[in-house]
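Undergrad: Generate a structure from the sequence data that follows.
(chains A and B)
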Amino acid sequence: AQRVTQPEKLLSVFKGAPVELKCNYSYSGSPELFWYVQYSRQRLQLLLRHISRESIKGFTADLNKGETSFHLKKPFAQEEDSAMYYCALSGLFGNDMRFGAGTRLTVKP
Amino acid sequence: GAVVSQHPSRVICKSGTSVKIECRSLDFQATTMFWYRQFPKQSLMLMATSNEGSKATYEQGVEKDKFLINHASLTLSTLTVTSAHPEDSSFYICSAVRDRVAEQYFGPGTRLTVT
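TA: Numbering: from 1, shown residues only, chains lettered A, B, ... in the order given. The predicted structure follows:
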């Protein structure tokens, strides 16, 4: 069964500290993995996807097929990173879409 | 960019009435649109996947006769909540996928309150 697990509902770090938001998945096949972010009072938007291998706003995520993980990392968190982060997967053509429960990141000054 | 709009942004209706929510892709053709429901402080729950010109695929536990989805064109999908009840009150979000790009573009959501 397709499933995305984000074990942490809440994560709080101080500004300048490293941050890692965990995501594990299960999928029969080759999924596409995404991180979406929702800032306060804004709509969900794509942060990054594994196939693009980009670093967006200093965030990176590496797909580890052996561990079926797609953790989101940033070496130095900023206050403006405070938001709700969702890990998601889909099939190659956007099917089988599943979202994790989300992690609320708070970056304290 | 790829912009998705939803209308209305907020709606209040009486129990037993039906409400239609529109989702439009403004600057691209959406081969697939998704409808989600989000409860307060919870994640998005996929309700159904809608492909243009065909019947929507509903997730397990979602009543297709209650949540009618019509994807009449490549830029418009509608969700009709029929015979609404207070427990249908929620935040409904749509998203759209462009061609075979799996990235989803989200609408701003519609807050439905059933009194």
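Undergrad: got the CA coordinates for stretch A:7-14 in PDB?
TA: C-alpha atoms of stretch A:7-14 as PDB (Å, rounded to 0.1, in the frame of the first residue of the first chain):
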ATOM      1  CA  PRO A   7       7.100  10.800  12.400                       C
ATOM      2  CA  GLU A   8       7.300  14.300  13.800                       C
ATOM      3  CA  LYS A   9       4.200  16.400  14.100                       C
ATOM      4  CA  LEU A  10       6.200  19.300  15.600                       C
ATOM      5  CA  LEU A  11       9.800  20.300  15.200                       C
ATOM      6  CA  SER A  12      11.400  23.300  16.900                       C
ATOM      7  CA  VAL A  13      15.000  24.500  16.300                       C
ATOM      8  CA  PHE A  14      16.900  27.700  16.900                       C
END
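Undergrad: Contact residues of chain A facing chain B?
TA: A:32, A:34, A:36, A:43-46, A:49, A:86, A:90-95, A:97-102 (CB under 8 Å from any CB of the partner chain). Backbone N, C-alpha and C define where each C-beta goes, glycine included.
Undergrad: again, only this time at 7 Å
TA: Residues of chain A lying near chain B by CB under 7 Å from any CB of the partner chain: A:32, A:43-46, A:49, A:86, A:90, A:92-95, A:97, A:99-102.
Undergrad: which stretches of chain B have low pLDDT?
TA: B:99-102 (pLDDT under 70).
Undergrad: Give me the nearest residue to the residue nearest the centre of it, chain neighbours excluded.
TA: Central residue of chain B (CA atoms, centre = their mean): B:Trp35, 3.6 Å from the mean position. Closest residue in space to B:Trp35, ignoring its immediate chain neighbours: B:Met47 at 4.6 Å, by CB to CB, 6 or more residues apart in numbering or on different chains.
Undergrad: so that neighbour sits in a strand?
TA: Yes: counting by DSSP: H, G, I helix; E, B strand; the rest coil, B:Met47 is found in a strand.
Undergrad: Could you measure from it over to B:Ala56?
TA: 9 Å (CB to CB, to the nearest Å).
Undergrad: which one of those two has more residues nearby?
TA: B:Met47 (24 against 21; other CB atoms under 10 Å in any protein chain shown).
Undergrad: B:Glu63 is in contact with the more buried one, correct?
TA: No: B:Met47 is beyond contact range of B:Glu63, at 9.8 Å (criterion: CB atoms under 7 Å).
Undergrad: leaving aside the residues next to it on the chain, what's closest to A:Ser26?
TA: A:Ser26 sits nearest to A:Arg3 (CB to CB, 6+ apart), 4.7 Å away.
Undergrad: got the contact list for that neighbour?
TA: By CB atoms under 7 Å, 6 or more residues apart in numbering or on different chains, the residues touching A:Arg3 are A:Tyr25, A:Ser26, A:Arg98.
Undergrad: which one is residue 10 nearest to, not counting chain neighbours?
TA: I went with chain A, as the question did not name one. For A:Leu10, the spatially nearest residue (CB to CB, 6+ apart) is A:Arg104, at 5.2 Å.
Undergrad: To clarify, I was referring to chain B.
TA: Nearest to B:Arg10 is B:Arg111, by CB to CB, 6+ apart, at 4.6 Å.
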